[in-house]
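**Q** need coordinates for the below:
(2 chains)
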Amino acid sequence: MQKKLLLLIFILFFYGCSKNQKEELLLSTNSWIGYSPLFYAKEMGYLDELNIELIPTVSLGESLNLFLVSKADMLTGTQHEYNLLHQEMHSVVPIVLFDRSDGGDMILSNRTLQELKNLHKSQKIDVYLEVDSVNKEMIEHFIKHSHLSKKSMHFINKDQAQIQNIISKDENPTIIVTYAPYNVLLEKKGFIPIASTKDINTLLVIDALFTSKKTLQQNKKRFENLKRVIDNSIHEIQKDPHEAYKRVSKYLNEISYEEFEISLQTIKWINKPSEELLRKINTSIYSTQSLIK
Amino acid sequence: MKSISIKLYAITIVGLIAIALSIVFYSFHATSKANVEELLKINIQTSVLNLKHYLDKNLKHNINEIKSHLDTVNSINALIANIRVDDNKNKMIYHSSRKATLLKPSNCVKIFKLQEVNVLQTECYSVRTKIYDELTPHYFTTYVFISQKYLDSLLHNQTKKLFIEYLITLLILLFLTWIIFSKTIKKPLEKLRQFAYYENRPADKFFIKEIESIRYSLEMTFKRLHQEQRELYNLSTRDQLSGLYNKRTLIEKTDWLSVEKHRRGEKFAVVFIDIDNFKTLNDSMGHNLGDKVLHEVAQILVTTVGKNDIVARIGGDEFVIVLPTVTYDIDIINTLEKIKTKIQNPSILSSIKYSITASMGVALFPKDGKNSNELLKNADIAMYKSKELGKNNYHFFTESLNQEIQHKVNVQNMLTEALEHNFFELHYQPKLTIVTNKVSACEALIRLRHPKHGLIAPNKFITIAEENGFIIKLGYWIIEQSVKQIKAWRHTAYENIRISINLSVKQFEDPYLIKELDRLTKDIDRSLLDIELTESVFVNTNQNHYRIIHDIKSLGFTLSLDDFGTGYSSLSYLKNISFDTIKIDKAFIDDLNSDNGKAFVTMIVQIAKTLHLEVVAEGVETHEQEEFLRLVECQSYQGYYCSKPLCIQEFNKLLHSRNYL
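**A** Okay, here's the model as predicted:
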């Protein structure tokens, strides 16, 4: 009888131990070519192994809000989101760098730059953008770079999904601040790129993965593994883009392979950044101290 | 290990169950609380997120445009008690409560700290909303106040309700457990204890199988015990063979009756019954039939006496009847006559026809005894008197009878004492060979020289010794002493003197007689020891006696027929048994004065001569008698003419003077 009781306690003990699994971490991310490694890792099951779940959002702002209300433990975003969060929380840190935009953030219009410049002063240009994103920095740099007047512009704050649905080419002079892959559909509608991060060299748009210091501290090992998963995914995307496309296209508004390839060309992977880039990011954007190597 | 009461045990078990249930309840409550907190967080997150999202998209400088929506959100969302919106100068531009002063932002927690706070105790969450004027941001702060009522409904009320329900359930459960335990285990066990201890009333059938099994086992054990008790009682009070009361019960009842009758001044009778010659019946027809006969006698006694009379079997063939209500002796006699008549009626048992009789003795309370012991003893004495008087009869106990018995008892005690203290001695009466006038043999005769009563003649005790069987022991003593004397004479001038000893008919009933004779005489010439038998040995004789006589002869002893001529068929004995000597009875010698007497002695001597037997005349007291015997050529004589029986010292002197001087 005593032996049976001990055996039962033994089984219960090990059952209890076996239940001590890692808590799920939620990562909110939006549809951006630079975040393809995450989508790829998700599809390959790498994230499941780390018990990390993706929360797809339609905009950077939405990702930010999810993180802000603690619905997500991590988020992807640019330095813009970082700054916003930093104003609120102070404890947010970048942990993995994905890419720098090299044409991936762009300005489309139904007019050429020249046509925009030639518009009558009384005629307003509708500027669609996610104001609360790097779009804002993008348009500000564009205005400065193209010598257009801010006063001639009517800023409309929409997320990229909304912008895609409401915009048609035949409307008033319009500028859309967007990024890959949302540009694809817009370009199909007749909008043409008039500027991008490739042209505006004063703007350095860095996409990274952010989390709170506390989460980082609690999941250091997991994040190290996540970094390796991201590196590996980037490597596999570069090695076999076609195969990668099959897996990630559904996260990128079902773009074609050609569009996928083009989008990839609008970014540069910086998961293994140079010292120079790190210095540059460190001095002008945020501290890179917490980045996982 | 210390024993505890079942009540304490039950309370301990129930207490442990209560503790276990409390732990389960607490665990359940903790899990529920964690789940509720998690769900509440999700709810808060979702509500705040939706609100923020709405404000992000719709908040313009004029808050009035969205007031109605905020009111709706506030009213339909049970989680939200109030919403307050402040502009970037911390000026409240919207609130949903009538008491706006109560909505203090100081208590609010920023929404991103949601995971760090206790959501059940946090009253308010704040979130910043940014609206753009072109590209210039304006910051608004939204405060979401959580409904305390909602929070209470989520956990506190639920917990309270659940706790009360748990408490009531626990109490009911404990109460029911106790009731069930008490009804099915405690009380049954107590009943079982009482049943086992007092056995006064059989317990009902129990619900619990194991307890019922114990009860059933106990009941079976009690039944068996009762049965065994009855059997033991019967064994202790009843005689197994006849079914009558045994001696112990008879004594108890008789003593009780003695007390009762003494108190009332009444009398009662005790009848001692012994089957006549039952041993012979047993020996000849077997013990099985003997037992059946005893059973039949028991039935006769039971059916003959009254309902209140006591009938008991106290020994082999000994029965006792106690007649408690007797007024006149004639009543007793009537009963005894009935018994006598019924017993002596021939019966058939196992196809064997038999006929028995019984001897009965009666003792009366209080005349013949004050208690069972005296009454039984005296009834027994009376019964023996009946036997002495020819059996198949009854005899009432009398004082003279008692004295007679007392005398016999005294003699018996004296004999036992004499043997123990060597008071017996052998006297030797010489046998003279008439031709040589010398002592050729002698007859050893027992004498008792009691230190208090002096020399006692054998006729005073031999009969009693024969009656009570003491003669067997005494006989061995005589043989031992005779052998000792033969050995003493060995290698002397008297070594050929032959000693005659008498064997009683009672000694023939001793199964060890031959074996002991052989053992005691193995060191002597057995022809020097002559065994004298009287005709009584041959009266009622049987094959066994003949066998013993033959064995005696075979051992080498000589045989003498004592008291020849006085019995019934002396000649037939001479024919059947190879005697060596016949001893002419003293009666014939005493009659030698007459012609007839002379003729008989002459004839006996002639017969002996013809049969080549030695002849010894007994009781020769005169010279004339000796002369006549010499004339008819009788070989030897013994009697006072020569010498009376002498002690060994005197006998030795006689021998010396007669044979060698």
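
**Q** and the helices in chain A?
**A** Counting by DSSP state H, one finds helices in chain A at the ranges A:2-18, A:36-44, A:46-49, A:60-68, A:79-88, A:113-117, A:134-146, A:160-166, A:182-188, A:213-218, A:220-239, A:241-248, A:257-264, A:275-284.

**Q** which stretch among those helices is buried most, on average?
**A** When these are scored by mean count of other Cβ atoms under 10 Å in any protein chain shown, the highest mean neighbour count falls to helix A:60-68 (a mean of 26). (Glycine included, C-beta is placed from N, CA and C.)

**Q** least confident of the helices of chain A, on average?
**A** Per-stretch mean pLDDT for these is lowest at helix A:2-18 (a mean of 57).

**Q** now the terminal residues of stretch B:413-429, how far apart.
**A** With Cα to Cα, to the nearest Å applied, stretch B:413-429 spans 28 Å between its terminal residues.

**Q** go on, stretch A:285-293?
**A** Criterion Cα to Cα; first-to-last residue distance in stretch A:285-293 is 18 Å.

**Q** mind listing what's buried in that stretch?
**A** A:285-286, A:288, A:290-292 (16 or more other Cβ atoms under 10 Å in any protein chain shown).

**Q** ok, now stretch B:649-661?
**A** In stretch B:649-661, counting by 16+ other Cβ under 10 Å, buried: B:651-652, B:654-655, B:658-659.

**Q** quick check: of those, which lies closest to B:Leu281?
**A** Closest approach between those and B:Leu281, by Cβ to Cβ: B:Phe651, at 47.3 Å.

**Q** any idea how chain B splits into domains?
**A** Domain assignment for chain B, taken from automatic domain parsing, gives B:6-165, B:205-235, B:238-397, B:410-660.

**Q** in JSON lines: those domains, plus distance to chain A and mean pLDDT.
**A** What follows is those, written out as JSON lines (distance: least, Cβ to the nearest Cβ, whole Å; pLDDT from 0 to 100):
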{"stretch": "domain B:6-165", "distance to chain A": "4", "mean pLDDT": "84"}
{"stretch": "domain B:205-235", "distance to chain A": "18", "mean pLDDT": "87"}
{"stretch": "domain B:238-397", "distance to chain A": "53", "mean pLDDT": "90"}
{"stretch": "domain B:410-660", "distance to chain A": "70", "mean pLDDT": "90"}
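
**Q** contact partners for the closest residue to B:Glu296 other than its chain neighbours?
**A** Leaving aside its sequence neighbours, B:Glu296 sits nearest to B:Ser347 (Cβ to Cβ, 6 or more residues apart in numbering or on different chains; 6.3 Å). Residues counted as contacts of B:Ser347 (Cβ atoms under 8 Å, 6 or more residues apart in numbering or on different chains) are B:296, B:353-355.

**Q** buried ones among those residues?
**A** B:296, B:354.

**Q** and the longest helix for chain B?
**A** helix B:6-58.

**Q** can you get me a residue count around residue 33?
**A** Just going to use chain A. 29 (other Cβ atoms under 10 Å in any protein chain shown).

**Q** you answered for a different chain; I wanted chain B.
**A** 15.

**Q** for the one 5 residues further on, same thing?
**A** B:Glu38 is flanked by 11 other residues according to other Cβ under 10 Å.
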